[in-house]
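**Student:** from the sequence below, what's the structure:
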Amino acid sequence: MVQPPVHVPDAVRRWNDTTTDYPRNALIPDLFEKQARLHPRAPAVLWEGGGWDYSELLDRVRRGAARLRGRGVRDGDRVALLLPRSPETVAAVFAVLEAGAVYLPLDPSHPADRLSSILRDADVRAVVTADTESRTGRAGEFGRMTVTELTSREGPGPAEDRTTRRRATDAAYVIYTSGSTGRPKGVVCAHRGPVRLVRGTEALRMAPADRLLATTNPTFDVSCFELFAPLLNGAALVLPDPETLLDPAALEQLLDDRGITVMWLSAGLFHLHAEQRPGMFSGLRCLIAGGDVLNPSAVRAVLEHGSPVLFLNGYGPTENSVFSTTHVIDSIAPDARGIPIGRPVAASTAYVVRDDGTPADPGEVGELWVGGDGVALGYLGDRTRTAAAFVPDRFRPGQGRRLYRTGDLAAWRTDGVIEFHGRRDRQVKIRGFRVELDEVETALTDHPQVNESAVGVLGVGASQHLAAAVVPAPEQDDGLSGELDAYLRERLPPHMLPARVVPVPELPLNSSGKVDRGRLRELTDAAAREPVGTAEGPRGQDEEVVAEVWRRFLSVDVVRRQDDFLALGGTSLQATRISAVVRERLGIRTAFTRTLVRVLLDNPTLAAFTERTSELRHAPGDAGHDTPVDFAAESVPDPALRFDAPAADGVPTKRHEERVPRSILLTGATGFLGVHLLDRLAASGVRRVHCLVRARDGAEALARLRDRQRHYGLDPDRWADRIAVVPGDLGLPRFGLDSGGWDELAREVEVILHNGAQVNFAYPYEALSAANVGGTRTVLALATERRLKAVHHVSSMSVIAGSGLAGVRRVDEDAPASHPELLSQGYAETKWVAERLVSLAARRGLPVTIHRPHEITGATNSGTWNTDTMMCALFRTVAETGTAPDVPLLLDFIPVDYTASAVVHILTHQPCEGRVHHLANPRPALLHLLVERLRAMGYRVREQSYAAWTRHMAELTARDPEHPLAPYVPMFTEPARGSTASIAEMYFAGTFPRFGRENTEDALDGSGVVCPPVDARMIDANLRFLRGADLLPAPTADEEEDGGRGPVG
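**Tutor:** You can find the predicted model right below:
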């Protein structure tokens, strides 16, 4: 089926206008022969002690071609060249092409089994070797000749004319690369690909006076550039001794002695030489480096010590004939974290593509797809992988045009330059956070005592963690690993810290000069498994016990005294589970379970955590609670805030008057409620919604926001023109923005909708305070900067839970939340303090409205829900275990679409007068309704006493610490502060206070925004969503037959 063309932004279309005049229909051997006839006595190939001019090389090529034809090689046959880099190899390549065949370079040092497998897979007609000995273990299977036989000038001369009907679009060579399945894949490239590069791309085209130094193994695709760039332009190819390439001093001497003007270096070799001899390249006309990410410090050293005339970063996969893009490096910013990969080369295209297959806008990160005349023909004999990787060009439709999906992440700059953002497979998730391994490597390499670094992932699933190998600077002492640990903690968040940093003399490289990731993993894994000495290993019985628990939950083989729980891959869920097991194993009181979580987060090394647990073993029982929060001190407003600035526009001045602000700042935009608030704000007519998103830059922020919109079933393109992302962090001063970004928000924003918070029911107040309390303080500072901005603050109904425990039976909306000392949860405590700060600002004159939503659940019709919640875990647990507590737990559910609509309607129709709005369901239900609906769907569910059910859950999660309810069990088992009731019981009907909704009902009167009741329809929609997401088991057949009730027993 022919797919319709896709709209491409005008700027991207312009940047891809790379049409150029070059011999597009010429064959490689024809272009070489033309140069040989133009410059017969010019040097063609030079090496230590010898050389051939063009006439001699042509003679050897034509004789070799005739010998191949005489051995039965015909047009399109594949001929393997099992040869090292040598003059004869150069002649052999052109001889194969002259014969109309396809050359396949192979490394004779590779294992015999691998070579045999490739030769069979490629179905070669002949094999050319350096000698007569078989390296394939299958002598006689293929037609063989030595390279001396092939290229010798002895014997009769070749026939005058070549009779081949090959075309520029036919195969010229096959390069085998590593495959993701472990099976090598042969990339088939046509004549046109390298020709468009060396004859059509001005920056890469050589003149007869040029001399190019060959640095690459013939099996690496850049060797095609090294061969054809000089020999299709009348220049000279210089072949060095392999040892010279690894010796900076010897290489510098060679460049000078041989008059080298052009050279390619892989990133690994470039870093080696730039570190020791950064000025060696100053005499070159053109230096191209690439094949992997370039280190900015190495690039800077070259620029500072004498740059070549033209310094290029060359980027391109084998599947697009060597180079797809190049970037001219003429300067580098002091804080540069990477080198751009530039613009498409001649007759080539590049598109940054979203996950939905549409072109990304400038600044937006997506997968890089490359096209044009360099696109390979496909993978040899593998139609399935070819179809997956090479797709029709829907951006520039034309007969046969295709694009190659690189798997690399990139983004356009506004000036048409492409920036590299790592491999898709270089993006990993650590504890739920997306981590760019390249960013960690950059942080390591920025250290003055580290020359190179490479980072990989160890472990599986939730226990994945990072491990790094570093090449220390010369004369570095043995304390580098510890120094790097402290250094990285100041620069990277906990989830990006390597659990192991292993010093190595050099990074392992593969035959292409790139970091060998497989070998790197072996090195770091071996270091992690090494037995530890008494100085590093656990000391004493308690540390041994804790280390064993860490090993079990974090899936690591060795734990040392100074190993960090977070760096080893520990998550908040694992912190809860580890604390529970450690408490039991060390005989610590049950009341200390939640305290242990805080202790682990505050003291994440094995030694420090164990020392604190030992203290708790002997602590009095009343020490089990977290350190009490000084709520009065925590909620003191910033005295520097001024409330006498003029008020911004865009806020209703009287009730039920519609007034839509032009510009709003929305925090928490990537959350479940946040993406729906964004959708409703844009739909209401807000022209610009500035979305604060935790990210390192705008491209990542936009990508993260769009991903969350899709995840929750919203169209990211619907309001794309009204969205401006602000990469920042709630927990940082001024959100981490520079003065320009902060001032821009202060000038443009009229209203702040503060919805962002860090939600975690296991973490103590101290762990959440930076984002939840500090973020709110930053919101208030922004609201009073330049002009007063209205603040709509999204709080939580949990802030009134302490009132219920204190015996307060009703809380009206305008009554301040009281009794925070009884809240017993860090999250609720931070929300109370944040709301108090906003309320106090309202008293001083800031326009404020506070929204307290209850339990936000799935969308009204689809049931689409945030599944990482306690209520979802409870739904799943009741269905899976067939048991439910017989308790009056309130199901006060408000669908997310209703919640967002209510907040936005109030924002656009009500003045900010300090009112509080309880966003709760006027017709809630109790947990028994869930039991009824599960039974109606065929689940066998029985109700049991709260005590029996909590015991059952404690036993269940002890057996299965990965159970979804495990992080929340302490809420059901641990007493609330100052009470014998559990924290969960604070939310039971009869304990949780009744509350008024008068402000909300008045604000929404006549709006059409109505909350549906918590009834069978709502519960069923939520259950259907969980079933569709494979989060609920299917009921068994006998359960379906008896309606799921089963024995009550």
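**Student:** now for the nearest residue to Glu452 once chain neighbours are set aside: which residues touch it?
**Tutor:** The shortest distance from Glu452 to any residue other than its chain neighbours is 4.2 Å, reached at Val471 (CB to CB, 6 or more residues apart in numbering). Where C-beta positions appear, they are placed from N, C-alpha and C, glycine not excepted. Val471 makes contacts with 450-453, 503-507, as judged by CB atoms under 8 Å, 6 or more residues apart in numbering.
**Student:** could you look up the SS state of the residue lying closest to Arg337 once chain neighbours are set aside?
**Tutor:** The spatially closest residue to Arg337, leaving aside those adjacent along the chain, is Thr442, at 5.2 Å (CB to CB, 6+ apart). Three-state call for Thr442 (DSSP: H, G, I helix; E, B strand; the rest coil): helix.
**Student:** what bridges to Val45?
**Tutor:** Judged by DSSP bridges, the bridge partners of Val45 are Trp52, Leu237.
**Student:** these two touch, right, it and Ala236?
**Tutor:** Yes: the pair formed by Val45 and Ala236 meets the contact definition of CB atoms under 8 Å, at 7.3 Å.
**Student:** one step back: where does the residue nearest to Glu452 sit: helix, strand or coil?
**Tutor:** In three-state terms, and counting by three-state DSSP, Val471 is strand.
**Student:** how far away is it from Asp10?
**Tutor:** As for Val471, its distance to Asp10 is 46 Å (criterion: CB to CB, to the nearest Å).
**Student:** could you list the low-confidence segments of the stretch 601-750 of the chain?
**Tutor:** Residues of the stretch 601-750 of the chain that meet the criterion pLDDT under 70 lie in 619-627.
**Student:** quick one, helices of it?
**Tutor:** Counting by DSSP state H, counting those that start in this stretch, the stretch 601-750 of the chain forms helices over residues 606-617, 631-634, 672-684, 698-711, 739-748, given from the N-terminal end onward.
**Student:** same question, the stretch 251-400 of the chain
**Tutor:** Assigned by DSSP H, counting those that start in this stretch, the helices in the stretch 251-400 of the chain fall at 267-276, 296-304, 383-389.
**Student:** which one of the ones you listed lies closest to Ser824?
**Tutor:** Closest to Ser824 of the helices of the stretch 251-400 of the chain is helix 296-304 (CB to CB; 49.3 Å).
**Student:** now that closest one, how far from the chain's geometric center?
**Tutor:** Taking the mean of its C-alpha atoms, helix 296-304 sits 27 Å from the chain's own mean (CA atoms, centre = their mean, to the nearest Å).
**Student:** show me the chain divided up by domain.
**Tutor:** In the assignment given by automatic domain parsing, the structural domains of the chain cover 1-26+191-430, 28-166, 431-529, 540-623, 663-1028.
**Student:** mean pLDDT for these: which is lowest?
**Tutor:** For these, the weakest mean pLDDT is recorded on domain 431-529, namely a mean of 76.
**Student:** distance check, the residue nearest to Glu452 against Ala486.
**Tutor:** Plainly put, Val471 is 20 Å away from Ala486 if you go by CB to CB.
**Student:** ok, for Val61, nearest residue in space, not its chain neighbours?
**Tutor:** Using CB to CB, 6+ apart and skipping the chain neighbours, the partner closest in space to Val61 is Phe94 (4.2 Å).
**Student:** for that neighbour, list the residues it contacts.
**Tutor:** Applying CB under 8 Å, 6+ apart, the residues near Phe94 are 28-29, 32, 57, 61, 64, 231.
**Student:** from those residues, which is closest to Leu846?
**Tutor:** When the contacts of Phe94 are ranked by distance to Leu846 (CB to CB), Ile28 comes first, at 72.8 Å.
**Student:** can you pull the contacts of that closest one?
**Tutor:** The contact partners of Ile28, by CB under 8 Å, 6+ apart, come to 94, 97, 172, 191, 194-195, 228, 232.
**Student:** among the residues you listed, which lie within strands?
**Tutor:** Taking DSSP state E, the ones among these that sit in strands are Ala172.
**Student:** nearest to Ala122, of the contacts of Ile28?
**Tutor:** Ranked by distance to Ala122 (CB to CB), the contacts of Ile28 are led by Ala172 at 14.3 Å.
**Student:** just give the number of residues close to the closest one.
**Tutor:** Residues within reach of Ala172, counting by other CB atoms under 10 Å, total 27.
**Student:** nearest residue to it other than its sequence neighbours?
**Tutor:** Residue nearest to Ala172 in three dimensions, not counting chain neighbours: His191, with 4.5 Å by CB to CB, 6+ apart.
**Student:** thinking that neighbour is in contact with Leu197, fair?
**Tutor:** No: counting by CB under 8 Å, His191 does not reach Leu197; the two are 11.4 Å apart.
**Student:** out of the two, which sits in the busier spot?
**Tutor:** Neighbour totals were compared for His191 and Leu197, and Leu197 leads with 30 against 25 (other CB under 10 Å).
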